[in-house]
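*Asks:* Test case, fold it:
(2 chains)
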Amino acid sequence: MSNVRVLVGTKKGAFILSADGKREKWDVSGPHFGGWEIYHVKGSPVDPNRLYASQSTGWHGQVIQRSDDGGKTWQPVDNKFAYDGVAGTHQWYDGTPHPWEFARVWHLEPSLTDPDTVYAGVEDAALFRTTDGGRTWHELPGLRGHGSGASWQPGAGGMCLHTILLHPTDAERIFVAISAAGAFRSDDGGDTWRPINRGLKSESIPDPSAEVGHCVHRIALHPSRPEVLFMQKHWDVMRSDDAGETWQEVSGNLPTDFGFPIDVHAHEPDTIYVVPIKSDSEHYPLEGKLRVYRSRTGGHEWEALTNGLPQRDCYVNVLRDAMAVDGLDSCGVYFGTTGGGVYASADAGDNWTPIVRDLPAVLSVEVQTLP
Amino acid sequence: MIRITLPAHLRALVRIEGEMTLDVEGCVTQRSVLDALENRYPVLRGTIRDCLTQRRRPYVRFFACEKDLSHELPDSPLPPAVAAGLEPLLIVGAMAGG
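*Replies:* Numbers count the residues shown, from 1 in each chain, chains lettered A, B, ... in the order given. Below is the predicted model:
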């Protein structure tokens, strides 16, 4: 029987939650790196025991940890993230130029084919890559340097590159998303980039349909149909059927289309999940009811999933990297909250149970499906 | 042999408890102490001073002999009592967060 391993990053350490394929009884390991913010932990698709973790604090900066045994032991690797050449400036919150300054790694995306190759999305927004298992990191400067970098500005959480999607069959194609710049695509392995934001509308920027400047919170794709992208924007849930060339809104009957995460069912490319949040200033569910919304039609038509989730007095948030799916036959869906709960559904969202209730605020959730 | 106290986050990172001792060659300064410390524990690179600029991180302070040495020049000699191992160099995380 397969097993699942849920990798949880929190404000005060990492936790590893393990279960067999029934996903009923869970073993909880942690905190790993107690006291440190763990923005993200992710495993290599080709070597599931190879994990990478982003560990940081405001006091002591960035550390990257690597495990070769599924998280039992960890070794620090290189933590030097130097922007290529003259770093230049981006826009600050007030619109004035602000120097590019490295703050932390938000997201680690291991290669689909090589456990030693990992992409890192950082704040201030840039994309780095290691090809030697984390011993050295180098920026892919074509992203910041493609032309619009000076106009990018931070979202409330900082100017972060938070999403990295690797095309499942075309190693040259990479998608990234930045708050608040938008989505970008490379078709040459990360050397050159262009914005892919046509169709997005954001009322909080001078030109609502501008090429860049959109606060994209998360994008997702299904590996069987990688030209179809789904996006949770600051406001609006969006879909692209042409690899980001154009976007259409698919918020449909959602009670609010503000939110952070979006993810796709492991076996149904048109089944997607979001967690609607009341507004950009009220980061909690409507009416104190924690509800995941599922669309089985690739958007437009949404149903609330509530069984097992708190339906009163719940005022947590679910952050952009804090939802994931497993690959078992009955797709498991997982998310973590800023209240420290990690919820699991072993039946594609119909029913939910908390794996743990009281961790530190959850920053990220990833799932590994193990043989 | 000088004595050093690290903040809790960094003690956990290098897996030591309490005060540590360190051999420092030549003049005992902030720079020579941090060089020796980072050579012995490479994981500390970037955690006390920025790994690119070598500047002290903003939320890190250096105290010794009941004085704040945080703003001394990196190559200024540390107090003789620190160099002699009579007093520890305290590397402190600034109080913040409640």
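
*Asks:* Next to chain A, which bits of chain B? Give me the list.
*Replies:* Contact residues (CB under 8 Å from any CB of the partner chain) of chain B with chain A: B:7-10, B:12-13, B:42-43, B:45-48, B:50-52, B:57, B:59-60, B:93-94, B:96. Using the backbone N, CA and C atoms, a C-beta is placed for each residue, glycine as well.

*Asks:* So which of those are in helices?
*Replies:* Within these, residues falling in helices by DSSP state H are B:8-10, B:12-13.

*Asks:* who's in contact with the helix or strand containing A:T163?
*Replies:* Using DSSP states H and E, A:T163 maps to strand A:160-166. Contacts to strand A:160-166, defined as CB atoms under 8 Å, 6 or more residues apart in numbering or on different chains, come from residues A:106-107, A:109, A:111-112, A:119, A:121-127, A:143, A:154, A:173-179, A:216-221, A:229, A:320-321.

*Asks:* Isn't A:V41 up against A:L7?
*Replies:* Yes - at 4.0 Å, A:V41 counts as touching A:L7 under the criterion of CB atoms under 8 Å.

*Asks:* got any residues that touch both of these two?
*Replies:* Here A:V41 and A:L7 share the contacting residues A:14, A:51, A:71, A:364, A:366, scored by CB under 8 Å, 6+ apart.

*Asks:* From A:V318, how far off is the fourth one?
*Replies:* Read it as A:S364. 11 Å (CB to CB, to the nearest Å).

*Asks:* what sits in contact with each of those two?
*Replies:* Contact criterion CB under 8 Å, 6+ apart; residues shared by A:S364 and A:V318: A:G336.

*Asks:* hmm, back to that, give the next helix or strand downstream of the strand holding A:T163.
*Replies:* strand A:174-179.

*Asks:* re the thing from before, buried members of the contacts of strand A:160-166 into ChimeraX, please.
*Replies:* Buried members of the contacts of strand A:160-166, defined by 16 or more other CB atoms under 10 Å in any protein chain shown, are picked up in ChimeraX with:
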select /A:106,107,109,111,119,121,122,123,124,125,126,127,143,154,173,174,175,176,177,178,179,216,217,218,219,220,221,229,320,321
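
*Asks:* if we can go back for a sec, and which of the ones in helices among the residues of chain B next to chain A is nearest A:P276?
*Replies:* Nearest to A:P276 among these is B:H9, at 36.3 Å by CB to CB.

*Asks:* list the contacts for that closest one?
*Replies:* By CB under 8 Å, 6+ apart, the contact set of B:H9 is A:35-36, A:57, A:59-60, B:47, B:93.

*Asks:* What pairs with the helix or strand hosting A:F230, parallel or antiparallel?
*Replies:* Here A:F230 sits within strand A:229-233, counting by DSSP H and E. Strand pairing for strand A:229-233, using DSSP bridges, gives strand A:216-221 (antiparallel), strand A:237-240 (antiparallel).

*Asks:* pLDDT on the helix or strand that contains B:L89, on average?
*Replies:* In the assignment (DSSP H and E), B:L89 maps to strand B:88-93. Regarding strand B:88-93, the rounded mean pLDDT is 96.

*Asks:* so how far is the strand holding A:F230 off the chain centroid?
*Replies:* Here strand A:229-233 is found 11 Å from its chain centre; the criterion is CA atoms, centre = their mean, to the nearest Å.

*Asks:* got it, and stretch A:358-369?
*Replies:* Stretch A:358-369 has its C-alpha centroid displaced from the chain centroid by 11 Å (CA atoms, centre = their mean).

*Asks:* and it, what's its mean pLDDT?
*Replies:* Averaged across stretch A:358-369, the pLDDT comes to 98.

*Asks:* what comes up buried for that stretch?
*Replies:* For stretch A:358-369, burial by neighbour count (16+ other CB under 10 Å) applies to A:359-369.

*Asks:* So, low pLDDT: which residues of chain B?
*Replies:* Applying pLDDT under 70 to chain B flags the ranges B:96-98.

*Asks:* So which residues of it form strands?
*Replies:* Assigned by DSSP state E, the strands in chain B fall at B:2-5, B:20-22, B:60-64, B:67-68, B:88-93.

*Asks:* Could you tell me the angle between the longest one and strand B:60-64?
*Replies:* For strand B:88-93 and strand B:60-64, the angle between their directions (axes from the mean of the first three to the mean of the last three CA atoms, to 10 degrees) works out to 160 degrees.

*Asks:* Now strand B:88-93: buried residues?
*Replies:* For strand B:88-93, using 16+ other CB under 10 Å, the buried residues are B:88-93.

*Asks:* Would you mind putting those into a markdown table with distance to A:E287 alongside?
*Replies:* A markdown table is the format used below for the buried residues of strand B:88-93 (distance: CB to CB, whole Å):
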| residue | distance to A:E287 |
| --- | --- |
| B:P88 | 56 |
| B:L89 | 55 |
| B:L90 | 51 |
| B:I91 | 49 |
| B:V92 | 46 |
| B:G93 | 41 |
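
*Asks:* Just name the closest of those to B:V82, please.
*Replies:* After measuring these against B:V82 - CB to CB - the closest member comes out as B:L89, at 5.2 Å.

*Asks:* who's in contact with the closest one?
*Replies:* B:L89 is in contact with B:2-5, B:33, B:62-64, B:78, B:82, counting by CB under 8 Å, 6+ apart.

*Asks:* okay, now A:K278: neighbour count?
*Replies:* Look at A:K278: counted by other CB atoms under 10 Å in any protein chain shown, it has 18 neighbours.

*Asks:* Grab the nearest non-local neighbour of it.
*Replies:* Spatially, and ignoring its direct neighbours in sequence, A:K278 is nearest to A:L286 (5.2 Å; CB to CB, 6 or more residues apart in numbering or on different chains).

*Asks:* cool, A:V8 as well?
*Replies:* Nearest residue to A:V8, sequence neighbours excluded (CB to CB, 6+ apart): A:F15, at 4.4 Å.

*Asks:* No further questions, thank you.
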